[in-house]
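**Q** Sequence first, then the predicted structure:
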Amino acid sequence: MRPKRIKELLININESFPIFIICIAYLIIVVIALEINIYLSLGVFLLIIIMFWRYKIRIVALVFLIFLAFFQEQSKFSQEKQLEPYFKKEVMLIGVINNYPIRENGLSTYTLKVSQINSQKLSSEILIDISEFTYNKNINYLDKIECIGVISPNTIWQNDFLRAKSLLGTAMCDNVERVDEYNGFSIFNNLVKFRSDLVQKIEKQLNHPNADLLFGMIFGGDADYSSHLKTDMQNSGTSHIMAVSGYNVNLVMSFLLIFSSNIKRKYLIIISSILLILYLFFVGWDNIPAKRAVIMQIYIIGGWLLGHKANALYALCLATIILCIDNIFVYKSLSFQLSFAATIGIVIFREPVINFFEKITKNKIIAEALGITFVANIITLPIIWMYFNQISIISIPINLLIAPLVPVVFILGVIFIILLSFQINIDLLNYAMFWLLDLIIKIIDWSGSLTVATVTIKTNPVVVIVILLLLLFGISWTIYRKYNYE
């Protein structure tokens with residue numbers, strides 16, 4: 001990296017440093033308080049105040065966020081107490097479905113925002129993870145339902161996963177009945193129905209598993225894949241292509257910017273923001289990486305509206321704080337950790353890595369796809385190792401092989417879906433989509449079946465989380481001092 005490039009990078013980080021350091025400090029204090037010891041977190045908090053006493057407004061913001069986190073944790077505790085009398089008992093649950101149902105192994109799984117248990121109305125609504133014994137295609141997002149089931153408290157192995165989604169328990173239900181169809185605002189009701197119709201049209205045109213792959217790449221994976229394909233994706237390190245992330249949101253934004261020459265900037269930014277929120281609704285409000293990416297993108301294009309170049313690190317910190325305010329336990333989410341780490345890596349290392357690949361490929365679009373994929377895979381490798389106790393040693397080369405295909409499939413897929421929604425069928429486009437999706441599936445199937453695909457290494461997850469956050473804090477502080485004092 002050239003000296004000039006390093007200086008530009010340091011300036012970029014320095015401009016966003018106060019809010020960036022507040023964000024990292026906040027995460028460190030919360031993780032230590034909730035996972036290790038509250039007195040140790042208090043010591044870290046006092047140390048941070050001493051180190052950054054000059055930034056009085058930022059310190060006040062940090063104190064406010066810490067108190068907010070405390071009250072959030074107490075609120076979750078009171079909700080759990082409200083639910084305790086019903087644990088391990090058969091009850092009738094009444095509430096509204098809070099996400100798009102997931103179809104897996106013949107079961108239907110979704111989040112239910114419970115407002116009433118038996119005849120007792122709850123003082124505050126509670127989120128519970130519901131599993132039906134049979135998949136019911138007539139039940140959908142925003143439907144108000146009633147069902148009979150047994151509520152189980154979160155087990156130790158479930159706790160992190162469910163708390164990260166604000167879920168306070170699970171229930172296996174039978175006799176599910178819809179009370180009100182598409183409960184809520186009419187515009188959202190119509191969008192839910194439109195999405196359901198799209199799923200059926202895509203499945204009719206492409207069949208499984210190609211239709212599942214396309215829908216997963218554009219709207220996130222909620223299809224009933226075969227166990228063989230899921231295993232191959234895990235072994236080859238390609239499961240992320242089925243999860244909507246910042247890369248997908250950036251592709252949506254790039255697609256919208258195609259029309260920038262015909263629309264005034266002010267209107268383009270307003271329209272783009274509305275369409276990004278609409279896209280998030282199609283993906284699902286509970287999709288943490290997509291929500292983070294949309295918040296960042298709206299902040300960045302808002303900067304364009306005001307005539308300023310928005311700082312990506314500042315945008316990431318703002319999105320992180322908003323997500324934490326929504327749910328203090330969001331840091332437990334694997335998708336949040338992967339998304340947060342990958343975004344920091346891309347912000348810092350994106351340009352030099354893309355420049356490197358551009359020299360090899362002589363094509364900026366391909367170089368960008370390869371560069372972002374390479375950085376994201378390297379940065380997230382320790383987190384994947386921490387959670388699964390294994391590393392895919394073929395993940396980077398396989399992802400680099402697939403990377404140029406992803407934006408092509410995404411853009412063609414968006415066009416394909418738009419045409420399908422207007423009942424327009426183009427055989428050439430259908431064939432192209434089938435061929436590209438089939439190629440990706442064959443690459444995943446071949447690579448995931450290799451006996452040398454993964455290596456198993458065991459570790460302690462909590463320790464690694466704290467170490468990663470402390471390293472990130474240390475790197476940020478070192479870069480800041482280097483820029484200001486040298």
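**A** Structure received. Numbering: from 1, shown residues only.
**Q** Would you enumerate the residues in contact with the most centrally placed residue in the chain?
**A** What sits nearest the mean C-alpha location of the chain, by C-alpha atoms, centre = their mean, is residue 289, with 1.9 Å. Applying C-beta atoms under 8 Å, 6 or more residues apart in numbering, we find residue 289 in contact with 243, 244, 245, 246, 335, 336, 338, 339. Where C-beta positions appear, they are placed from N, C-alpha and C, glycine not excepted.
**Q** can you do 10 Å?
**A** 220, 240, 243-249, 283, 333, 335-336, 338-340, 342-343 (C-beta atoms under 10 Å, 6 or more residues apart in numbering).
**Q** May I see the PyMOL selection of the buried members of those?
**A** Only the buried entries of the contacts of residue 289 go into this PyMOL selection, using 16 or more other C-beta atoms under 10 Å:
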select buried, resi 220+240+243+244+245+246+247+248+249+283+333+335+336+338+339+340+342+343
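**Q** Return the subset of the contacts of residue 289 lying in helices.
**A** Those of those mapping onto helices are 246, 247, 248, 249, 283, 335, 336, 338, 339, 340, 342, 343, per DSSP state H.
**Q** Between these, which sits nearest residue 400?
**A** Within those, the smallest distance to residue 400 is 14.2 Å, found for residue 247 (C-beta to C-beta).
**Q** tell me the pLDDT at the closest one?
**A** Predicted confidence (pLDDT) for residue 247: 74.
**Q** pretty sure it contacts residue 369?
**A** Yes. Using C-beta atoms under 10 Å, residue 247 is in contact with residue 369, at 8.8 Å.
**Q** just to revisit the earlier point, any idea how far residue 449 is from the residue nearest to the centre of the chain?
**A** With distances taken as C-beta to C-beta, to the nearest Å, residue 289 is found 28 Å from residue 449.
**Q** With residue 172 instead?
**A** Distance from residue 172 to residue 449, by C-beta to C-beta: 34 Å.
**Q** ditto for residue 406
**A** If you go by C-beta to C-beta, the gap between residue 406 and residue 449 works out to 21 Å.
**Q** And for residue 349, the neighbour number?
**A** 19 (other C-beta atoms under 10 Å).
**Q** Leaving out the residues flanking it, which one is nearest to it?
**A** Of all residues not flanking residue 349 in the chain, residue 375 sits nearest, at 5.0 Å (C-beta to C-beta, 6 or more residues apart in numbering).
**Q** Hmm, the one you found is touching residue 342, no?
**A** Yes. With contact defined as C-beta under 10 Å, residue 375 reaches residue 342; the gap is 7.5 Å.
**Q** any idea where the strands of the stretch 151-300 of the chain begin and end?
**A** For the stretch 151-300 of the chain, strands defined by DSSP state E, counting those that start in this stretch occupy the ranges 170-180.
**Q** what's the longest strand in the protein?
**A** Counting residues, the longest strand in the chain under DSSP state E turns out to be strand 120-132.
**Q** who's in contact with residue 201?
**A** Residues in contact with residue 201, defined by C-beta under 10 Å, 6+ apart, are 211, 416, 417, 420, 421, 423, 425.
**Q** Give me the pLDDT for it.
**A** 82.
**Q** Would you map the strands across the stretch 1-150 of the chain?
**A** For the stretch 1-150 of the chain, the strands defined by DSSP E, counting those that start in this stretch occupy 90-97, 102-104, 107-117, 120-132, 144-152.
**Q** should've said the stretch 301-450 of the chain
**A** Counting by DSSP E, counting those that start in this stretch, the strands of the stretch 301-450 of the chain are 390-392.
**Q** what mean pLDDT does the longest strand of the chain have?
**A** Across strand 120-132, pLDDT averages out at 81.
**Q** count of neighbours near the residue nearest to residue 349?
**A** Residue 375: 21 neighbours (other C-beta under 10 Å).
**Q** cool, residue 451 as well?
**A** Per other C-beta under 10 Å, the neighbour tally for residue 451 reads 6.
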